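A.B. asks: Have a look; sequence and predicted model below, questions after that.
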Amino acid sequence: MIRLLRPFGRTVTYTRLLHLFIAIVWPSMWLFLEEAWWTWVAAALVLVPVGLVPAMRTVEGLQARLLLTGQRHDSDSDSAGIVVAPSASWSDRGRLVVWLQARLLIGCATSVFTANLLMAAVDLGAAAFGGDTASGESFLLEGHSRWHVLLLPLVSVTLAATVVGSGRLITALARRLLGPSPAERLAAMEERTERLLERTRIARELHDSIGHALTVAVVQAGAARAAGDPAFTERALDAIEETGRAALEDLERVLGVLRESGRPAGGRPALTDADRLLESARASGAEVDVAVTGPLDTVPGPVSREGYRILQEALTNVLRHAGAVPVRVRIAVDDGSLGLEVRNPLTGAVPGPGRGSGLRGIRERAALLGGRAQTGPDRGDWRVRVELPLR
């Protein structure tokens, strides 16, 4: 019983009824001036050119979202299911015309049915208690009978069902006819995909930058403690400080992008800045042998920046899993691709998949640029091989 009465405790139940009554205000005024059936036909015809105006979709959408769903105009259109953008195609205009006609028809039917039910309830009460009906005549039966009051629950239930049912019907039609078109759904999906990709990219940025800094700090601190050499300890502290400063710069840049959605993610390091990565690895005790062929400054920005992060993650994995071992880095730029290879001797068993996201991040970065990445043991070494197209 409580569940059946719950809709009548919600404001939106009554605002939906108000939304239907608003639709018939101006045709009703026209009807008072000229009482003829053709006035409703004329009203329906007038709505056709009105629905073809692009701005009317915004007006109807705002009104429907406020009165039918109870959401403000600044609410998310996805949650309301009703858009407030102007009509962008003839399909949108056609749906708006159908919506205006349906709203007029349902509003007219609901108002007439509701008025008759209210009058019937008054007549039943008057007939049951010996009074005159609204029309001044006895209701249904000649004479007066208190048994008429038993029909009041039936009329009340019918009235309640009309109010709730018509509101739900017009709301369902609004989401269908004023909802996003296929093109708008596709655009919204692409926008959500872009946001997810941006969040994934930022997560990879933080993982690579902060993970590299922490790995270098841990390796340097452990090596300094084991060496017991004041000069080596001084160099290790310098390397930790430099790496930490670079990580803080990356962190501030990423947090700035998160705070300001319209701010471009500029200032990201590229392969031309790879020297600091190599020096950081050398300061951690690794013997880094580097060979670069081809002009790095001609590599497109996105490819160069992703290449830097891939190299950073590869070196971080070496320091984390192999320690201070010889590392060979090969970077080759030709007419159509960028090749990057990092090799280091395997110091123990072949590592399993683990729970980290470093190698997966390398593969994801390569895939986003249309390239490919290979990671795994190769002739006694652990090899990371990445090829990225330049176009």
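C.D. replies: Looks like it arrived, so ask away.
A.B. asks: Which residues does stretch 11-26 contact?
C.D. replies: The contact list for stretch 11-26 (Cβ atoms under 8 Å, 6 or more residues apart in numbering) reads 7, 43, 63-64, 66-70, 103-104, 106-108, 110-111, 114, 163-164, 166-168, 170-171. Yep, even glycine has a C-beta here, placed from its N, CA and C like the rest.
A.B. asks: Identify the residues contacting R365.
C.D. replies: Counting by Cβ under 8 Å, 6+ apart, R365 touches 204, 306, 309-310, 373.
A.B. asks: and what of P300?
C.D. replies: So P300 contacts L390 (Cβ under 8 Å, 6+ apart).
A.B. asks: same thing with D297?
C.D. replies: T272.
A.B. asks: Quick check: phi and psi at it.
C.D. replies: phi -70, psi -10 (degrees, to the nearest 10).
A.B. asks: do the same with T293
C.D. replies: According to degrees, to the nearest 10, T293 has phi -120, psi 130.
A.B. asks: roughly how far apart are it and G339?
C.D. replies: The gap separating T293 from G339 is 9 Å, by Cβ to Cβ, to the nearest Å.
A.B. asks: the more surrounded of the two?
C.D. replies: G339 (17 against 11; other Cβ atoms under 10 Å).
A.B. asks: Let me know the helix or strand that that one is in.
C.D. replies: Taking DSSP states H and E as the definition, one finds G339 inside strand 337-345.
A.B. asks: the helices in this protein, which residues?
C.D. replies: Counting by DSSP state H, one finds helices in the chain at the ranges 2-5, 11-23, 25-33, 38-51, 55-67, 77-80, 90-128, 152-177, 182-227, 230-259, 275-283, 301-321, 358-368.
A.B. asks: in the second one, what's buried?
C.D. replies: It stands for helix 11-23. Residues of helix 11-23 classed as buried: 12-13, 16-17, 19-20, 23 (neighbour count, 16 or more other Cβ atoms under 10 Å).
A.B. asks: Mind putting the residues you listed into a markdown table with distance to P182 and pLDDT?
C.D. replies: Putting the buried residues of helix 11-23 into a markdown table (distance: Cβ to Cβ, whole Å; pLDDT from 0 to 100) gives the following:
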| residue | distance to P182 | pLDDT |
| --- | --- | --- |
| V12 | 28 | 87 |
| T13 | 32 | 87 |
| R16 | 27 | 90 |
| L17 | 32 | 89 |
| H19 | 26 | 90 |
| L20 | 28 | 89 |
| A23 | 27 | 85 |
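A.B. asks: Turn those into CSV, including distance to V299.
C.D. replies: What follows is these, written out as CSV (distance: Cβ to Cβ, whole Å):
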residue, distance to V299
V12, 57
T13, 62
R16, 60
L17, 65
H19, 59
L20, 63
A23, 62
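A.B. asks: ok, those residues vs E364, which is closest?
C.D. replies: When these are ranked by distance to E364 (Cβ to Cβ), V12 comes first, at 44.3 Å.
A.B. asks: Distance of the closest one relative to L20?
C.D. replies: 13 Å.
A.B. asks: do A217 as well
C.D. replies: For A217 relative to L20 (Cβ to Cβ), the value is 67 Å.
A.B. asks: If you average pLDDT over each of the helices of the chain, which is lowest?
C.D. replies: Among these, helix 77-80 has the lowest mean pLDDT, at a mean of 49.
A.B. asks: Hmm, I331 and G339 touching each other?
C.D. replies: Yes. Using Cβ atoms under 8 Å, G339 is in contact with I331, at 7.2 Å.
A.B. asks: I appreciate the help and will end here.
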